[in-house]
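Peer 1: turn this into a model:
(3 chains)
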Amino acid sequence: MFRALVNFYHRLGSPPHFYRISGKWIPWLIGIALVMIAIGWTWGLIFAPTDYEQGDAYRIIYIHVPAAWLSMFAYVCMAAAGAMGLIWRMKMAEVMAVTAAPIGAGFTFLALASGSIWGKPMWGTWWVWDARLTSELVLLFLYLGVIALDNAIEDRRIAGRAVGILALVGVVNIPIIHYSVQWWYTLHQGPTVTKFSSPSIYWSMLVPLLIMGIAFMIFFAGAWLMRARNELLRREASKRWARELPEAS
Amino acid sequence: MSLTEFLRMGGYGGYVWSAYGIATAVLVWQLTAPIAHRRRILKQIKRRKRRESRRQ
Amino acid sequence: MIEVIWATLRRDLLLAVRNRTEVANRLLFFVLVAAVFPLGLDVEKGLLQAIGPSVVWVSALLATVLSVDSLFRTDFEDGSLEQMALSPQPLTLVVLAKVLAHWLVTGLPLVVISPLLALLFNLPGTDMAVLAGTLLLGTPVLSLLGAVGVALTVGLRRGGVVLTLLVLPLYVPVLVFGANTVHLAAAGADTSAPFYILGAMLALAVTLAPAATAAALRISLNG
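Peer 2: Model prediction:
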């Protein structure tokens, strides 16, 4: 059993095996994720009760909060993959590090957009320099930096390892950025209480939120594998296993 | 809850539905972009194979 | 170990002295950017004092980002960077020395001239001192983080733009604590806590950044 797991782990490090195995997993991951998203959003839009303070506008929470969770989860995954690529020089880890960035950026953008749209009816403006939104904005810039660096470097191996370093430097910075922005915001906030508090959470409101969190995580896994396969194909385009694929004939 | 009430979302309909629309668009993009990219890469591989077999 | 640091420090300082105009230009850039702000504003005293610290800090940020390229570019182009990487001396120490030289030549002048800029923004004497203090602790961090960015992009043709994208988000905490400590002082509050935090950030940066920079240099040099 343990031996099988170790073998599985080693096989994942080999490009043709990773390609084959991920190909089988992707439809399942995306399928399950989409079903869960449908359930989560239906529940959140229809069956969850209306909030006392924020009315039905709070239902944006079922986008905003899971997106924010994933924006940070994706960054941690990216940094972990980067670390593995740097420490153990695993090609696959480098591939995973580079490909997590666009998905993380997408979730971060979604968190910001949904946060802004939520904010307009609640605070009256499209943008507020609230501590959390500001941290999220800086996170988006971090992701865009990673994507820019990856695009700028032609050699895929150098790109993979450079992204690894950048991701690690960023991951150390993220709690610092968050803390600094929070300090800054409370400094200039004055007597008013921060208004971006989630509505008081009932169980019937909480469950769809958790469903959405898990759904987005599974979606992330599927989308990540999709991009990883592409990056792998791109790197190995001249190798025999890639040229002999049925899809490449 | 009637359909009109559902769409109105207690007066916040515009906000709620634009948010969900953007969310759907982002998710769809995260699926279609890699698929399109994959086709481009496979096409490149095929093209390279054809070129090399012609040279031989 | 000390010899490595001292030798590299002397070399880079000597190079900087020979390129006096370039170094002076950076300082001039800093002063001009900050000085130009009031011209675009309605010059009532209150507003200037409110934005002064932030403007000076942002100018410091921009000046550092633009200047940090010189850390490795010329050495990369003439091959001496590769020599440094191949030599038995620890690259981390070489990096530390280079960043120190860079800060002495770029960051420290910013600190020294900041009271003059504070004058332009009508900041009172105590705030001037706090501003200089935050810059003293903050500009080394800017140089250290900038070094990581340059190391990652040194092999790229148009690395400058990507460098700015990479490094500015990392600068956010330094900016936040730097500028807002002065605002705290202006409001009469106690500033010891944020100063400790700035010091902690400096300590963290000095410990981690040179190693990350060295690793990034090796990647950029040979992949």
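
Peer 1: list the buried ones in the helix or strand hosting A:Ala167?
Peer 2: Counting by DSSP states H and E, the element that carries A:Ala167 is helix A:156-189. Applying a neighbour-count criterion of 16 or more other Cβ atoms under 10 Å in any protein chain shown, one finds A:156, A:158-171, A:173-174, A:176-185, A:187 buried in helix A:156-189. For glycine as for every other residue, the C-beta is placed from the backbone atoms N, C-alpha and C.

Peer 1: overlap between those residues and the residues near chain C?
Peer 2: The subset of the buried residues of helix A:156-189 lying close to chain C, counting by Cβ under 8 Å from any Cβ of the partner chain, consists of A:158, A:161-162, A:165-166, A:168-170, A:173, A:176-177, A:179-181, A:183-184, A:187.

Peer 1: sorry, back to before: C-terminal to the helix holding A:Ala167, what's the next element?
Peer 2: Sequence order places helix A:203-235 as the next helix or strand after helix A:156-189, per DSSP H and E.

Peer 1: next, the angle helix A:156-189 makes with the longest helix seen in chain C.
Peer 2: When chain C is parsed with DSSP state H, its longest helix is helix C:192-222. Inter-element angle recorded for helix C:192-222 and helix A:156-189: 170 degrees (by axes from the mean of the first three to the mean of the last three Cα atoms, to 10 degrees).

Peer 1: what sits against the spatially closest residue to C:Gly146 that is not a sequence neighbour?
Peer 2: Once flanking residues are discounted, C:Gly146 sits nearest to C:Val68: 3.4 Å by Cβ to Cβ, 6 or more residues apart in numbering or on different chains. Counting by Cβ atoms under 8 Å, 6 or more residues apart in numbering or on different chains, C:Val68 makes contact with C:102, C:143, C:146-147, C:149-150, C:163, C:167.

Peer 1: can we see that at 7 Å?
Peer 2: For C:Val68, the contacting residues are C:102, C:143, C:146-147, C:150, by Cβ atoms under 7 Å, 6 or more residues apart in numbering or on different chains.

Peer 1: among those, which are in helices?
Peer 2: Here DSSP H is the test, and those give C:102, C:143, C:146-147, C:150 as lying in helices.

Peer 1: possible to save those as a markdown table with neighbour count?
Peer 2: What follows is the ones in helices among the contacts of C:Val68, written out as a markdown table (neighbours: other Cβ atoms under 10 Å in any protein chain shown):
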| residue | neighbour count |
| --- | --- |
| C:His102 | 26 |
| C:Ser143 | 25 |
| C:Gly146 | 31 |
| C:Ala147 | 28 |
| C:Val150 | 27 |
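
Peer 1: next, count neighbours for B:Ser2.
Peer 2: 7 (other Cβ atoms under 10 Å in any protein chain shown).

Peer 1: gap between it and B:Arg8?
Peer 2: Counting by Cβ to Cβ, to the nearest Å, the gap from B:Ser2 to B:Arg8 is 9 Å.

Peer 1: same question, A:Leu12
Peer 2: Separation of A:Leu12 from B:Arg8 (Cβ to Cβ) stands at 50 Å.

Peer 1: what of A:Asp130?
Peer 2: 27 Å.

Peer 1: look at these two and report which has more neighbours.
Peer 2: Set side by side, A:Asp130 and B:Arg8 show unequal neighbour counts under other Cβ under 10 Å, the larger going to A:Asp130 at 19 against 15.

Peer 1: which bits of chain A sit near chain C?
Peer 2: A:138, A:141-142, A:144-145, A:148-149, A:152-153, A:155, A:157-158, A:161-162, A:165-166, A:169, A:172-173, A:176-177, A:180-181, A:184, A:187 (Cβ under 7 Å from any Cβ of the partner chain).

Peer 1: run a quick neighbour tally on C:Arg11.
Peer 2: Other residues within reach of C:Arg11, judged by other Cβ under 10 Å, total 16.

Peer 1: what helices and strands are in contact with the helix or strand encompassing it?
Peer 2: Here C:Arg11, judged by DSSP H and E, is contained in helix C:2-18. The helices and strands touching helix C:2-18, judged by 3 or more Cβ pairs under 7 Å, 6 or more residues apart in numbering or on different chains; DSSP states H and E, are helix C:91-102.

Peer 1: now do the helix it packs on against helix C:192-222, angle only.
Peer 2: Computed by the same axes, to 10 degrees, the angle between helix C:91-102 and helix C:192-222 is 120 degrees.

Peer 1: so is helix C:91-102 next to chain A?
Peer 2: No. Helix C:91-102 lies apart from chain A when judged by Cβ under 7 Å from any Cβ; the minimum separation is 13.3 Å.

Peer 1: by contact count, what packs against that helix?
Peer 2: Applying 3+ Cβ pairs under 7 Å, 6+ apart, one finds that helix C:91-102 contacts helix C:2-18, helix C:80-86, helix C:125-153, helix C:192-222.

Peer 1: try 6 Å this time
Peer 2: Contacting helix C:91-102 under the criterion 3 or more Cβ pairs under 6 Å, 6 or more residues apart in numbering or on different chains; DSSP states H and E are the following elements: helix C:2-18, helix C:125-153, helix C:192-222.

Peer 1: in a markdown table: the ones you listed, plus mean pLDDT.
Peer 2: Compiled in a markdown table, these are given as follows (pLDDT from 0 to 100):
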| stretch | mean pLDDT |
| --- | --- |
| helix C:2-18 | 88 |
| helix C:125-153 | 95 |
| helix C:192-222 | 94 |
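
Peer 1: the nearest residue to A:Ala215 once chain neighbours are set aside sits in which helix or strand?
Peer 2: Beyond its immediate neighbours in the sequence, the residue positioned closest to A:Ala215 (Cβ to Cβ, 6+ apart) is A:Met36, lying 3.5 Å away. For A:Met36, the element it lies in under DSSP H and E is helix A:15-42.

Peer 1: counting by contacts, list what the helix or strand just after that helix packs against.
Peer 2: Toward the C-terminal end, the helix or strand that comes next after helix A:15-42 (DSSP H and E) is helix A:61-88. The elements that helix A:61-88 packs onto, with contact taken as 3+ Cβ pairs under 6 Å, 6+ apart, are helix A:91-123, helix A:156-189, helix A:203-235.

Peer 1: flag the shaky bits of chain B, pLDDT-wise.
Peer 2: Segments of chain B classed as low confidence (criterion: pLDDT under 70) are B:1, B:56.
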